[in-house]
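got a structure for you, letters missing:
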């Protein structure tokens, strides 16, 4: 955290080109860029820093040559550079035109008090600025010592809130530099915090009531502070709305598509071969037999035979039309969102295709007796056994519709949930409302797919649609996805083609058992 807090200059010497004054007051409330602040004793240690002009680190006019610290304050003396900017700043400080100090502090540790005051416990001084308008009214040049040639002119400037400036000029021989003298601190009212690097007074006008109060103080009581507050408040969003830009976040809201593929995630995956629109997988149709044979008895002849399973490759394509103007003048997030949504559409279509191909291959179903915890357990247990009998492989996946997902989360034992139970002794699995994955009895991995009821599937996402699967019985083959941008068309449009290839191999058709309970 970085903050600035204004103090005041107590002495300036044009002959030695130095400016001195208190830069930190310990255990006294001050106004910083973040609001009210108190510096704990010992929270800041002296170190060499640059003196900047109005907190602009590109306008350095000097650097510290001495710093002292005690229980009450930290004072510093700065050597002003012999440059035009340095000479101007020294003159402005002597004339009371730019006569405030404001430190820049990197806060390492702090605590917030009940009244909203930040108490700095530890920080590192990074710079000090010479500023025009400190927030503390007494933060002015209180003493100036200047010498030119053989004579020294001493000017004393005393600032009082109720009296005008009093200036007394005397001419005498050169005298030693005047030690810094701390002026009394006056805490200006603070209503709200502001960002770091603040140098102008902050207005207490925060609503209509406070505006009216300071308007009356300015017009009737001729209060100068209130006059400044009202003047600043007149230049607001209501008087200059056209000057306020409307920023736009780079975050894109999309409630229409995502990359979920619950069906494909619930089965096995392989990389698609590089050539051809079909490929073949050998599938065993007969296996050798082994019998118990008596001594000297004839051995039964047997053999291994196989056929080839032909798998069709399906292309999936998406086309988006853009314009040269949109590509040239849009932000990079446009192309990111465009390609991301093509990816989402690709995921939806491929998942629906895989589920429809699985359902078309299955010849038997297992019915769930009722949409209840008992009916669900009966269906999954029986379907798992049927899958093993048909494929000689274990059912490890349960793919369900989003509606059935909700049903499962609602299954309970006398009000105690079964699949999101808090106590392990009552847990039949783990199904959560913030995850499309889970585990259900009898040891099946749960996958939620919104593809039920879409494309070629025959069950609707709105009933008890689900399927128990041996993942090895069905394999999804997929190629890498491609993005192809075409040439610019004659009308200035640009085609963006997103495409890929996929195939579903139903290796063991009845390695899955769909539920047909409506």
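That came through fine. Not measured: the values here are computed from a predicted model.

count of neighbours near the residue lying closest to residue 497 once chain neighbours are set aside?
Take residue 497 and drop its neighbours on the chain: the residue closest to it by C-beta to C-beta, 6 or more residues apart in numbering is residue 484, 4.4 Å away. No exception for glycine: its C-beta is placed from N, CA and C like everyone else's. Other residues near residue 484 come to 11 when the count uses other C-beta atoms under 10 Å.

run through the residues that contact residue 484.
For residue 484, the contacting residues are 496, 497, 498, 499, by C-beta atoms under 8 Å, 6 or more residues apart in numbering.

out of these, which are buried?
Buried members of the contacts of residue 484, scored by 16 or more other C-beta atoms under 10 Å, are 496, 498, 499.

closest to residue 100 out of the residues you listed?
Checking those against residue 100 by C-beta to C-beta gives residue 496 as the nearest, at 58.6 Å.

so residue 110 belongs to a helix, correct?
No: counting by DSSP: H, G, I helix; E, B strand; the rest coil, residue 110 is not found in a helix; it is strand.

residue contacts, it?
1, 118, 119, 120, 121, 122, 123.

residue 494 versus the last one, what's the distance?
For residue 123, the distance to residue 494 (C-beta to C-beta, to the nearest Å) stands at 54 Å.

neighbour-wise, which of the two wins?
Using other C-beta under 10 Å as the criterion, residue 123 and residue 494 rank with residue 123 on top: 22 against 16.

save the contacts of residue 484 as CSV, and put in secondary structure, distance to residue 441 and pLDDT too.
Shown next, in CSV, are the contacts of residue 484 (DSSP: H, G, I helix; E, B strand; the rest coil; distance: C-beta to C-beta, whole Å; pLDDT from 0 to 100):
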residue, secondary structure, distance to residue 441, pLDDT
496, strand, 47, 83
497, strand, 46, 85
498, strand, 41, 87
499, strand, 41, 90
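
which among these gets closest to residue 97?
Lowest distance from residue 97 to the contacts of residue 484 (C-beta to C-beta) belongs to residue 496, with 61.6 Å.

picking up where we left off before, just put the contacts of residue 484 in CSV and tack on distance to residue 356.
Putting the contacts of residue 484 into CSV (distance: C-beta to C-beta, whole Å) gives the following:
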residue, distance to residue 356
496, 27
497, 24
498, 21
499, 20
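
list the helices and strands the longest helix along the chain packs on?
Longest helix of the chain, by residue count under DSSP state H: helix 332-361. When contacts are defined as 3 or more C-beta pairs under 8 Å, 6 or more residues apart in numbering; DSSP states H and E, helix 332-361 packs onto helix 262-265, strand 314-323, strand 466-469, strand 474-478, strand 493-506, strand 512-514.

and the next element down the chain from that helix?
Following helix 332-361 in sequence order, the next helix or strand is helix 373-391 (DSSP states H and E).

doesn't residue 74 fall inside a strand?
Yes: Residue 74 forms part of a strand when assessed by three-state DSSP.

check what pLDDT the closest residue to it other than its chain neighbours gets.
Excluding its sequence neighbours, the residue lying closest to residue 74 (C-beta to C-beta, 6+ apart) is residue 24, at 4.0 Å. pLDDT for residue 24: 84.

which stretch of helix or strand covers residue 24?
In this structure, residue 24 sits in strand 18-25 according to DSSP H and E.

remind me what the helix or strand just after that strand packs against, helices and strands.
Sequence order places strand 30-32 as the next helix or strand after strand 18-25, per DSSP H and E. With contacts taken as 3+ C-beta pairs under 8 Å, 6+ apart, strand 30-32 sits against strand 2-8, strand 35-39.

now do the residue positioned nearest the centre of the chain against residue 326, distance only.
Residue closest to the mean C-alpha point of the chain, counted by C-alpha atoms, centre = their mean, is residue 251 at 9.4 Å. From residue 251 over to residue 326 the distance is 20 Å, taken as C-beta to C-beta.

one step back: how would you label the residue nearest to residue 497: helix, strand or coil?
Per three-state DSSP, residue 484 ends up strand.

so what sits opposite residue 498 in the bridge?
Counting by DSSP bridges, residue 498 is bridged to residue 318, residue 483.

wait, what's in contact with it?
Per C-beta under 8 Å, 6+ apart, neighbours of residue 498: 317, 318, 319, 320, 339, 342, 343, 346, 481, 482, 483, 484.

distance check, it against residue 400.
Computed with C-beta to C-beta, the distance linking residue 498 and residue 400 is 29 Å.

over to residue 271?
Per C-beta to C-beta, residue 271 is found 28 Å from residue 400.

also residue 252?
29 Å.

now residue 322
38 Å.
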